[in-house]
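> Only the shape, not the letters, is given here:
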């Protein structure tokens, strides 16, 4: 083996090792649905219904049943925008009953923001729309949370 062949072989080996080391940090494959990581109470039924909504709309989920207060703080979501569950997808915080349609739009548009929130738990929002609510619907806004604790209406539901 000459020196050039030896060096090319070592470079390929080094590239393969680097690729394996970085694999956990690589983005999802093009054909793999985005992962939404969710923090919620283990007993919250509406959170489970919201998770079913986002899964039915093409997302994968990973759930943590240890509450969402720490996750909300860690992701920079002000308590005034709080709800019963907090999620993370594509580097964005998702607080509360945000429709999957708006999450998809967020991931497509990629605004400079913390994420989206539907404060409180409005009736008719995904997860709060089951038969136990008798078809009642509240008007609500999906808020785009900006750095510095600000927010603007991303989408209104009336």
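Here it is on my side, so go on. Note that the structure is predicted; figures quoted are calculated from it, not measured.
> can you give me the helices in the chain?
Secondary structure of the chain (DSSP state H): helices located at 3-22, 45-56, 69-75, 100-109.
> who does the shortest one touch, helix- and strand-wise?
Going back to what we said before, that points to helix 69-75. Other helices and strands packing on helix 69-75, by 3 or more C-beta pairs under 8 Å, 6 or more residues apart in numbering; DSSP states H and E, are strand 35-40, strand 85-89, strand 92-96. Placement of C-beta: from N, CA and C, glycine included.
> what's the closest of these to residue 67?
Of all those, it is strand 35-40 that lies closest to residue 67, at 6.7 Å by C-beta to C-beta.
> Would you mark the buried spots in the closest one?
For strand 35-40, the neighbour count (16 or more other C-beta atoms under 10 Å) marks 36, 38, 39, 40 as buried.
> Please tell me I have it right and residue 72 contacts residue 88.
No - Residue 72 lies out of contact with residue 88 (C-beta atoms under 8 Å); the separation is 10.6 Å.
> got a list of what residue 117 touches?
Residue 117 sits next to 77, 81-83, 93-96, 98, 142-143, 145, 151 when contact means C-beta atoms under 8 Å, 6 or more residues apart in numbering.
> scratch that, residue 33
By C-beta under 8 Å, 6+ apart, the neighbours of residue 33 are 58, 59, 60.
> Output the below-cut-off pLDDT ranges for this protein.
Applying pLDDT under 70 to the chain flags residues 1-29.
> and the contacts of residue 117, which two are the farthest apart?
Across the contacts of residue 117, the longest distance by C-beta to C-beta is 14.7 Å; it joins 82 and 142.
> Looking at the two, which is more packed in?
Just comparing residue 82 and residue 142: by other C-beta atoms under 10 Å the higher neighbour count belongs to residue 142, 24 against 17.
> Please report how far that one lies from residue 124.
Separation of residue 142 from residue 124 (C-beta to C-beta, to the nearest Å) stands at 13 Å.
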